[in-house]
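K.L.:
Fold the following, please.
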Amino acid sequence: MREMRRLFAILPMLAALAFGFGGSASAVVGGAPDTTHVLVGAALQHQVQNGVSGNERCSGFLVSETKFVTAAHCFDPSGDPVRITFDADSRDPGAAFVEVPASSVVNSPDFDIAVITLPAQAGHMDIGSAARLGSGDRVDVVGYGVQTIEHKVPTSFGRRMVASTRLAGDGKLDGLYLKLLADPGACLGDSGGPTLDASGNVVAITSFSNGNPNCNGVTYALRLDNPGVQAFLSAQT
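P.N.:
A predicted model of the protein is given here:
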């Protein structure tokens with residue numbers, strides 16, 4: 001998968017190093033507060049990027065009672081512990097976090113997907129196929145990322161949000177990624193969050209954007225029905 005690795009190297013990922021942003025804690029640009037998808041969580045790891053210290057924030061979901069799926073570009077398996085909450089607002093002082101060592105993170109060597117092992121939780125989300133989805137179909141994206149951008153600066157994240165958005169044609173990435181329109185849609189901090197079909201099944205996870213600084217371009221979500229991705233998930237779960 002060398003071509004995919006080169007692609008990851010040049011396209012902006014949708015993780016977010018969160019520190020010092022003002023405003024209320026929210027997520028998913030153009031979304032609405034989400035209290036329905038309680039098995040979608042926020043995951044944080046302390047990191048230092050370009051000399052800046054902060055919490056890398058991504059999203060994810062339970063694929064089994066002990067396995068949490070997120071994006072591989074988010075977390076360093078040799079770094080600080082990872083903290084995960086399923087509370088609707090991850091910045092609430094009363095939010096309950098599960099802390100696991102970074103060694104609990106297993107990153108796929110070929111795809112932008114990771115599995116984190118947690119103590120047993122209650123329930124899991126079902127994975128579905130994206131084969132019947134096409135351009136113009138609506139899907140839901142869920143995450144704890146950016147809710148608003150003012151003057152090209154993210155102003156808030158941390159609350160679980162959901163947005164309904166439409167699919168665009170996948171082009172050369174067809175079969176591996178879904179191409180989602182944004183605004184409403186995923187933004188920084190939503191990496192690893194699920195893309196849901198009309199039945200509520202997870203068909204993809206948020207991975208990267210086309211580089212638009214206002215998160216109003218397109219987002220690419222890694223399909224979970226790709227055979228290589230399925231093989232990785234099966235080996236971990």
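K.L.:
what sits against P81?
P.N.:
Counting by C-beta atoms under 8 Å, 6 or more residues apart in numbering, P81 makes contact with 45, 99-102. For glycine as for every other residue, the C-beta is placed from the backbone atoms N, C-alpha and C.
K.L.:
Please apply the same query to Q121.
P.N.:
Here Q121 is in contact with 39, 62, 65-66, 86, 98 (C-beta under 8 Å, 6+ apart).
K.L.:
which one of these sits closest to V229?
P.N.:
V229 lies nearest to L62 out of the contacts of Q121, by C-beta to C-beta, at 17.0 Å.
K.L.:
what's near enough to touch that closest one?
P.N.:
39, 41, 68-69, 118, 121, 123-125.
K.L.:
Let's have the contacts of P81 in CSV, adding neighbour count and secondary structure.
P.N.:
Converted to CSV, the contacts of P81 look like this (neighbours: other C-beta atoms under 10 Å; DSSP: H, G, I helix; E, B strand; the rest coil):
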residue, neighbour count, secondary structure
Q45, 22, strand
E99, 13, strand
V100, 18, strand
P101, 12, coil
A102, 15, helix
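K.L.:
which of these has the weakest pLDDT?
P.N.:
Lowest pLDDT within these is found at Q45 (92).
K.L.:
Could you give the bridge partners of that residue?
P.N.:
For Q45, the beta-bridge partners are E56, V82 (DSSP bridges).
K.L.:
Is there a neighbour count for A131? I'd like the number.
P.N.:
Number of residues near A131 (other C-beta atoms under 10 Å) recorded here: 10.
K.L.:
contacting residues for the residue nearest to it when sequence neighbours are not counted?
P.N.:
Distances taken as C-beta to C-beta, 6 or more residues apart in numbering put D225 closest to A131, at 6.4 Å, once the chain neighbours are dropped. Applying C-beta under 8 Å, 6+ apart to D225 gives the contacts 127-131, 203.
K.L.:
again, but for D140
P.N.:
Here D140 is in contact with 162-165, 195-196 (C-beta under 8 Å, 6+ apart).
K.L.:
before we move on, the earlier item: using TSV, lay out the contacts of P81 together with distance to S108.
P.N.:
Output for those, formatted as TSV (distance: C-beta to C-beta, whole Å):
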residue	distance to S108
Q45	17
E99	23
V100	18
P101	19
A102	16
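K.L.:
No further questions, thank you.
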